[in-house]
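# Sequence and predicted structure below; questions after.
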Amino acid sequence: MIPKTFKEVIDLGDGRTISIETGKLAKQAHGSVVVQSGKCMLLCTVVSNYKQSDVDFLPLTVDYREKFAASGRYPGGFFKREARPSNGEILTMRLVDRVLRPLFPKDYHAETQVMIQLMSHDEDVMPDAMAGLAASAAIQLSDFPFECAISEVRVGKVDGKLIINPTREQLKESVIDMIVGASADSVMMVEGEMSEVSEEEMVEAIKFGHEAVKEQCAAQERLADAFGRKEVREYEGEEVDESLGEKIHKMAYDKVYDIAKSGSAKHERGEAFSELKESIMESFSEEEQEEIGHLIKKYYKKAEKAAIRNLTLEKGKRLDGRKTTDIRPIWCEVDYLPSTHGSAIFTRGETQALATVTLGTSREANIVDMPSYEGEETFYLHYNFPPFCTGEARRIMGTSRREIGHGNLAQRALKGMIPEDWPYTVRVVSEVLESNGSSSMATVCSGTMALMDAGVTIHKPVSGIAMGLISDPDSGKHAVLSDILGDEDHLGDMDFKVTGTADGITACQMDIKVKGLSYEVLIEALAQARDGRIHILEKLIETIPQPNADVKPHAPKMVTAVIANEFIGALIGPGGKVIQELQKETGTTIVINEDPVTEEGIVEILGTDQEGIDKVLAKIDSITFKPDVGSVYEVKVIKILDFGAVVEYLDAPGNEVLLHVSELAWERTENVSDAVSMGDTFDVKYFGIDSRTRKEKVSRKALLPKPEGYVERPPRRDNRGGGDRRGGNRRPQRSRN
């Protein structure tokens, strides 16, 4: 029996559409949809347990995977099976999670799983831009307690025109690559990179993306109505005790307010809050602590949040005593690590990042191998966030999704500043050593200085800042906070990170936790962020005004040579013998790549010793040497034969040619040694390939004056190779007569 299906189609313009279909696949899931654009198809399923988990948060898992079969490929590796998610997949998971999570009720703690799978790939469709739409559409068909439909779109800008969900080819020409996540009412998430665009251009792009999201949310609503909406499930919410809440508020609010306005340091403030919470707990009996201890802690956190937020809204004062626009004290240092190719420390308040730069050949490029994209990155950034940076001791479980996400943001902020013709592969590693607010922006700043310290000729330095927001919808008051602390991130209504040069924005990441944030407030935040970015940028430039003129003495020097494809084999040698011996002899690393467009070989030579690099270049010149007909070259005699001398071009060692005895002098030469000796150097003229012998011809006598009365003699028999010019020692033919 063919199942009944339901389908909605969204028009993207330019003949492109997105369809949402349900009823055919994965019907045992609590909600499932297939989202399709062109040949790209995503299957999304959602399931949530009916029993609440014994935790005080929502255990939501968003999983996005791309199947290699979707693009007709095999997975790499020994097992030929999809394994751990790639960085690209993890970044897509984060994009979806950040929009979905705030829309579940705060007291809903059932384990929930959203699985999105790329089942069919289209080269002209980037699937990550449809993942949020697929997740929300599947949830709309379920019985989950979920506030409203959302969607995500990618916004590009090519030739001054904004585009929804541009292709990868269009993105190469785009000055904006931004994902906008929103509901019909509110923008909730923005992330992307830009080519130094203005704040006005960025806001325009967000508005444009939001209009497209509204259409996609409406399509989800129509699909859910046609399919038949399910009644929202009942669940056991958190225990509520309003009288206890009021009691805790009275006990805690004023004391929290006093601690908050003291402007103490992070650890002192944390200890004071902990002591206050402990004293409130101890005011209850042991029996009460066991029975309602979780509620006491919950209502204390609520009172703490209210007091800190009100301090900022009423007094314009923050936890560390700053005004809303103040940036914490900054100090920087470059060239801190003696053995790295570049290093820098950036410290802002209680946040510190130490960045290193390593230079390498194209062999060190980061290979990206996904079903939806294959390529390599010659600039990439890794971000490490160890537990000691926040004064904690916890188990290290490999690279976290957060570390991948923050590293990607910093990489996108900086990569546009690397010159396209920069010959090195560049790896930046940020070690976060202290953290109290926006270590990713500290990474951008330390990364900028480390690149300049390494001698990377970046176009312009880049700085970054994290902005926050505290708002009160009842009073209409709001405060935009520059350079937020970790506590302000947790207690605030917005976390907005923006990076850029003095001329414009290069990357951003925004999470909005309140509904209905006006564009006026967003514009205010962007303007305040620009002032903060410029202030931080000035501190970076004070430390290192411009990139160093050259790489460090111990860093490898890179020289690139271009050779014709026909010489690649000779440079590599049989079984790689020539290139391996050359690398060993010169202490260099040699990488050869073939350019499919120009059909030439690109030879990268990496080494710390210039003499070794020069030897490699000389070897390349020798291998690729081609004398020009009619040109004169200096040669050296390296072997004497009966019928001539083997000479080597001095400008191209290793390149030999036979100087026939008849070309030594105008006079008849009976013995070669009468005319030249081993080691003699002189000039010869190159005549190209001799039509008679089919061999290269050079002549010494052509450069000598012809003797007076000289008479040409008949051609001398060619004994090169031990026989006549046809090869072999031929016997005279017998007469048949």
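Cool, got the structure.
# give me the low-pLDDT residue ranges for this structure?
Applying pLDDT under 70 to the predicted model, the residue ranges of the chain that meet it are 1, 712-737.
# Only the buried residues of the single longest strand found in it, if you could.
The residue-count maximum for a strand in the chain (DSSP state E) belongs to strand 40-52. Judged by neighbour count (16 or more other Cβ atoms under 10 Å), strand 40-52 contains these buried residues: 40, 41, 42, 43, 44, 45, 46, 47, 48. From N, CA and C alone the C-beta is placed, and that goes for glycine too.
# Same question for stretch 377-397.
With burial defined by 16+ other Cβ under 10 Å, the residues of stretch 377-397 counted as buried are 378, 379, 380, 381, 382, 383, 384, 385, 389, 390.
# repeat for stretch 421-434
If you call a residue buried by 16+ other Cβ under 10 Å, then stretch 421-434 has these buried ones: 423, 424, 425, 426, 427, 428, 429, 430, 431, 432, 433, 434.
# Which helix or which strand is home to residue 276?
Taking DSSP states H and E as the criterion, the element that holds residue 276 is helix 266-282.
# same deal with residue 688?
The secondary structure element spanning residue 688 is strand 681-689 (assigned by DSSP H and E).
# just checking, what packs against that strand?
Under the contact criterion of 3 or more Cβ pairs under 8 Å, 6 or more residues apart in numbering; DSSP states H and E, the helices and strands touching strand 681-689 comprise strand 632-641, strand 696-699.
# pretty sure residue 416 is in contact with residue 193, am I right?
Yes - contact between residue 416 and residue 193 holds when scored by Cβ atoms under 8 Å: they sit 7.0 Å apart.
# Looking at the two, which has the bigger crowd around it?
Ranked by neighbour count (other Cβ atoms under 10 Å), residue 416 and residue 193 place residue 193 first, with 24 against 19.
# For the residue nearest to residue 180 when sequence neighbours are not counted, which three-state class applies?
Nearest residue to residue 180, sequence neighbours excluded (Cβ to Cβ, 6 or more residues apart in numbering): residue 209, at 3.3 Å. Taking DSSP: H, G, I helix; E, B strand; the rest coil as the rule, one finds residue 209 in the helix state.
# And for residue 209, the neighbour number?
Burial of residue 209 is recorded as 27 neighbouring residues (other Cβ under 10 Å).
# One more: residue 78?
Number of residues near residue 78 (other Cβ under 10 Å) recorded here: 6.
# Tell me the secondary structure at it.
Reducing the assignment to helix, strand or coil with three-state DSSP, the entry for residue 78 is coil.
# what's the answer for residue 294, then?
Residue 294, by the three-state scheme (three-state DSSP), is helix.
# Quick check: closest non-adjacent residue to it.
That would be residue 56: by Cβ to Cβ, 6+ apart, it lies 7.5 Å from residue 294.
# What of residue 581?
According to Cβ to Cβ, 6+ apart, the nearest residue to residue 581 is residue 573 (7.7 Å).
# what about the one you found, how many neighbours?
When neighbours are counted by other Cβ under 10 Å, residue 573 registers 14.
# quick one, what contacts it?
Residues in contact with residue 573 (Cβ atoms under 8 Å, 6 or more residues apart in numbering) are 579, 580, 581.
# still on that earlier bit, what residues do residue 416 and residue 193 have in common as contacts?
Joint contacts of residue 416 and residue 193 (Cβ under 8 Å, 6+ apart) are residue 506.
# returning to that earlier point: most tightly surrounded among the helices and strands packed on strand 681-689?
strand 696-699 (a mean of 19; mean count of other Cβ atoms under 10 Å).
# Pull the residues that contact stretch 665-677.
The contact list for stretch 665-677 (Cβ under 8 Å, 6+ apart) reads 637, 640-645, 661-662, 664, 682, 700-701, 704, 706-707, 710, 713.
# end-to-end on that stretch?
Distances were taken as Cα to Cα, to the nearest Å; on that basis the terminal residues of stretch 665-677 are 14 Å apart.
# Equivalent analysis for stretch 331-339, please.
Terminal residues of stretch 331-339 lie 22 Å apart, using Cα to Cα.
# What residues sit buried inside that stretch?
By neighbour count, with 16+ other Cβ under 10 Å as the criterion, the buried positions of stretch 331-339 are 332, 333, 334, 335, 337.
# cool, stretch 317-330 as well?
317, 318, 319, 320, 322, 324, 327, 328, 330.
# May I see the buried residues of stretch 421-434 arranged in TSV, with secondary structure as well?
Below are these laid out as TSV (three-state DSSP):
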residue	secondary structure
423	coil
424	coil
425	strand
426	strand
427	strand
428	strand
429	strand
430	strand
431	strand
432	strand
433	strand
434	strand
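# would CSV of those with distance to residue 249 be doable?
Written out in CSV, the entries for the buried residues of stretch 421-434 read as follows (distance: Cβ to Cβ, whole Å):
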residue, distance to residue 249
423, 63
424, 59
425, 57
426, 53
427, 51
428, 47
429, 46
430, 41
431, 42
432, 36
433, 38
434, 33
